[in-house]
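In: Fold the following and give me the result.
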Amino acid sequence: MLDAHNELEPLTVLIVGCGNIAGGFDKGRKMMDFPYTHAGAYIRDNRFKRTACIEPEEARRIEFMKEWNIQLGFSSIDEMLNLNYQFDVISICSPTTYHAHDIEFALQLSPKLIFCEKPVTTSLHDAERLVQACKTANVRIAVNHTRRWDPAISHLQADVLSGRRGELRSIVGIYNKGILNNGSHMLDLLHFLIGPLSIINVGKPVCDYLPNDPTIPVWLENEQGIPIHLACAHAEDYAFFEVQLIFSLGVLTMEEGGLYWRERRAEESATFKGYQKVDDGVRYAGEYPQAMINAIDNIYRAIARDDVLVSSGESALLAQRMCEEIKHIALT
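Out: Alright, predicted model coming up:
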């Protein structure tokens, strides 16, 4: 994945927010392991230089700087504006409620690219405004809808288009922890796999996370009329994000968010003569752990070679607009 000869000097990186997705999920993990965080991905790719971080909690900031060998640390992004620092890449890993503020100030630092956690902001209006602001300033914005960088998802998209698994009959997804917080991941994944979606019906909201971001069951269809049913788990019970795709030749299920897959093939029933059934199937490890390292590879190539970002501000807005539409229907 790494280039034998760097095309640019190492890209300098500022990480805003020092929580789990910034580096916490990778704390103590081995360098040979695939990373799940921004800092964990940057440290494994010598085309990037972890230069600075921002975190209002001093103890967390100091620990983060020590863990990831970062020399500069600040309590707020505002603190940096008059210090003439410049960064090639700014990772926005702060809580979503701070994203609008942090992206606005990040733009004042004139980076080449902003790598933002999803959703872009809690407000669709702000998200649209800031994606446009990035475009106007000629600053690329990548949004961490991680599964777009999962090789298994790219292969699945190709399978759907080619018909290798037969006709796609329907999709069932199950998620929790908010239509925007986690549902946006689900809707972005579905957009990526089968194209534009339409809302057919919306069910009763489940308040299992934030009061203003309920988890909502919904019935969707794509342009070919393939039905998609999204059901709700409850975040107070456990984390849940799975997708089952019903093909004419069998059933494929993404489990544990993509860490595992289960494949069941159609076969003759030994019990009921003349009937087809699906077999017990096989469960195998997925390629989701490669997603973050692939994300920053895509980011590097977007800067160095003008490659297309696999997950961009524009693609993120498609999912967020649908989240807002679903929520509007559910709450009115």
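In: Then residue 317 would be within a helix, right?
Out: Yes - assessed by DSSP: H, G, I helix; E, B strand; the rest coil, residue 317 belongs to a helix.
In: Could you pull up the residues touching it?
Out: 120, 124, 127-128, 131 (CB atoms under 8 Å, 6 or more residues apart in numbering). (Each C-beta comes from the backbone N, C-alpha and C, glycine too.)
In: I'd like the residues you listed written out as a markdown table, with pLDDT and distance to residue 277 added.
Out: Converted to a markdown table, the contacts of residue 317 look like this (pLDDT from 0 to 100; distance: CB to CB, whole Å):
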| residue | pLDDT | distance to residue 277 |
| --- | --- | --- |
| 120 | 97 | 44 |
| 124 | 97 | 44 |
| 127 | 98 | 45 |
| 128 | 98 | 48 |
| 131 | 98 | 47 |
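In: Just put these in TSV and tack on neighbour count.
Out: Shown next, in TSV, are those (neighbours: other CB atoms under 10 Å):
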residue	neighbour count
120	29
124	18
127	24
128	16
131	22
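In: Could you pull out the helices in the stretch 101-250 of the chain for me?
Out: 124-136, 151-162, 183-194 (DSSP state H, counting those that start in this stretch).
In: which strands and helices sit next to the first one?
Out: Here helix 124-136 is seen to pack against helix 99-108, strand 140-143, helix 313-331 when contacts are counted using 3 or more CB pairs under 8 Å, 6 or more residues apart in numbering; DSSP states H and E.
In: Redo the helices of the stretch 101-250 of the chain as JSON lines? Include distance to residue 202.
Out: Compiled in JSON lines, these are given as follows (distance: least, CB to CB, whole Å):
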{"stretch": "helix 124-136", "distance to residue 202": "17"}
{"stretch": "helix 151-162", "distance to residue 202": "25"}
{"stretch": "helix 183-194", "distance to residue 202": "12"}
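In: Among those helices, which comes closest to residue 32?
Out: Among the helices of the stretch 101-250 of the chain, the nearest to residue 32 by CB to CB is helix 151-162 (18.3 Å).
In: Can you list the neighbours in contact with the closest one?
Out: 147, 164-165, 168, 189, 192-194, 245, 252, 254, 258, 261, 286-288, 290, 294.
In: Please identify the most buried of the helices and strands packed on helix 124-136.
Out: Looking across the helices and strands packed on helix 124-136 with neighbours counted as mean count of other CB atoms under 10 Å, the highest average goes to strand 140-143: a mean of 25.
In: Let me see the mean pLDDT of that strand.
Out: Strand 140-143 carries an average pLDDT of 98.
In: picking up where we left off before, now restrict the contacts of helix 151-162 to buried residues only.
Out: 147, 165, 168, 189, 192-194, 245, 252, 254, 258, 261, 286-288, 290, 294 (16 or more other CB atoms under 10 Å).
In: Inside strands: which ones of those residues?
Out: 168, 245, 252, 254, 261 (DSSP state E).
In: Now render the residues you listed as a markdown table, adding pLDDT.
Out: Listed next are these as a markdown table, based on pLDDT from 0 to 100:
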| residue | pLDDT |
| --- | --- |
| 168 | 98 |
| 245 | 98 |
| 252 | 98 |
| 254 | 98 |
| 261 | 98 |
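In: how about low-confidence regions in the stretch 1-150 of the chain?
Out: 1-7 (pLDDT under 70).
In: Could you check how many residues crowd around the closest residue to residue 146 other than its chain neighbours?
Out: Leaving aside its chain neighbours, residue 146 sits nearest to residue 291 (4.5 Å; criterion: CB to CB, 6 or more residues apart in numbering). Residue 291: 25 surrounding residues under other CB atoms under 10 Å.
In: got it, and residue 38?
Out: 31.
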